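Chemist: the following block contains a protein sequence and its predicted model.
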Amino acid sequence: MLRTLSLSLCAALACAGSVLGQQTQVQPRTQPGQAGQAPPAATRTLPGQRSEAGRPAQLNDSLWAAAAASSGLKEVAVSQLAADRSESNDIKEFARRMIEDHTKANRELATLASSKRMAVPAALEISAQACVDILSGVRGQEFDACYAHSQLVDHQAAVAMFEAAAERARDPEIKQFASRNLETIRGHLKHAQMLAEKFPKDSDSSSRGTNRDRDRDREKGESQKKDSDRDR
């Protein structure tokens, strides 16, 4: 039950980041003397809409930077816990890679954001801290499975976020930062997929066990039918 809550919370956090990364838009600037006035309907771009030229609308770079920084801080915190808590060498190795790669990216993003006067978080947000706290209550194989699957979900969202910025960021340096780190994050996702397969959730294991039992019962029934036919 605790692991299910952990996975659900981590998935919710990742999905929230994905939505923010894909849907935050640049707000039209008001001209002098127009403060408080809404832009004409024809010029407004809502989340998910495309521009008049048919191209995806540009991102709000400040919001994207804040979301990426928050995600990166969470990755480091959760992975530090995994590096200390896990009993699996595979999980520990992956966690150490997450700490190294995301710490480097976090520092780079913080420096970039500061140079552009963008506000980004310097500490874990409450929801991310809650995820870390919940994971800290899980042990053994349960912890490994929870961490692996939460990393899968988190990096699916992270890839979507960085792809969006690499394509649609307004600031060229933000776009370059996203493009430069995208392949690394894709590598993280591929590694997380392998770990999620190696450390299945209870529901996955139960499903496979049920299928095996069903196959065994069917084979047993077919064998009994053949024996009955021979007796006749």
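Modeler: Nice, I can see it.
Chemist: okay, residue 139 and residue 74: tell me how far apart.
Modeler: Separation of residue 139 from residue 74 (Cβ to Cβ, to the nearest Å): 21 Å. Where you see a C-beta, it was placed from the backbone N, CA and C, and this is true even at glycine.
Chemist: which one of the two has more residues nearby?
Modeler: More crowded of residue 139 and residue 74, by other Cβ atoms under 10 Å: residue 74, with 25 against 12.
Chemist: give me the phi and psi angles of the more buried one.
Modeler: phi -70, psi -40 (degrees, to the nearest 10).
Chemist: wait, what's in contact with the spatially closest residue to it that is not a sequence neighbour?
Modeler: Spatial nearest neighbour of residue 74, excluding adjacent residues (Cβ to Cβ, 6 or more residues apart in numbering): residue 128 at 4.0 Å. By Cβ atoms under 8 Å, 6 or more residues apart in numbering, residue 128 lies in contact with 13, 70, 73-74, 77.
Chemist: where does the protein dip in pLDDT?
Modeler: Residues of the chain meeting the criterion pLDDT under 70: 1-56, 202-232.
Chemist: if we use 50, what do you get?
Modeler: 1-3, 5-6, 8-9, 12-52, 203-211 (pLDDT under 50).
Chemist: would a markdown table of the contacts of residue 128 with distance to residue 118 and secondary structure be doable?
Modeler: Shown next, in a markdown table, are the contacts of residue 128 (distance: Cβ to Cβ, whole Å; DSSP: H, G, I helix; E, B strand; the rest coil):
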| residue | distance to residue 118 | secondary structure |
| --- | --- | --- |
| 13 | 21 | helix |
| 70 | 13 | helix |
| 73 | 15 | helix |
| 74 | 19 | helix |
| 77 | 22 | helix |
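Chemist: between the residues you listed, which is nearest residue 111?
Modeler: residue 73 (14.9 Å; Cβ to Cβ).
Chemist: so which helix or strand takes in the closest residue to that closest one other than its chain neighbours?
Modeler: Nearest residue to residue 73, sequence neighbours excluded (Cβ to Cβ, 6+ apart): residue 124, at 5.5 Å. Applying DSSP states H and E as the criterion places residue 124 outside every helix and strand.
Chemist: residue 124 and residue 109, how far apart?
Modeler: For residue 124 relative to residue 109 (Cβ to Cβ), the value is 15 Å.
Chemist: so those two - more neighbours on which side?
Modeler: Shown here are residue 124 and residue 109; by other Cβ under 10 Å, residue 109 has more neighbours (22 against 17).
Chemist: quick check: buried residues in the host helix or strand of the more buried one?
Modeler: Per DSSP H and E: residue 109 is located in helix 89-115. Neighbour counts using 16 or more other Cβ atoms under 10 Å place 91-92, 94-95, 97-99, 101-103, 105-106, 109-110, 112-113 of helix 89-115 among the buried residues.
Chemist: ok, of the residues you listed, which one's closest to residue 82?
Modeler: Among the buried residues of helix 89-115, and counting by Cβ to Cβ, the member closest to residue 82 is residue 95, at 3.8 Å.
Chemist: the closest one contacts residue 75, correct?
Modeler: No - using Cβ atoms under 8 Å, residue 95 is not in contact with residue 75, being 9.7 Å away.
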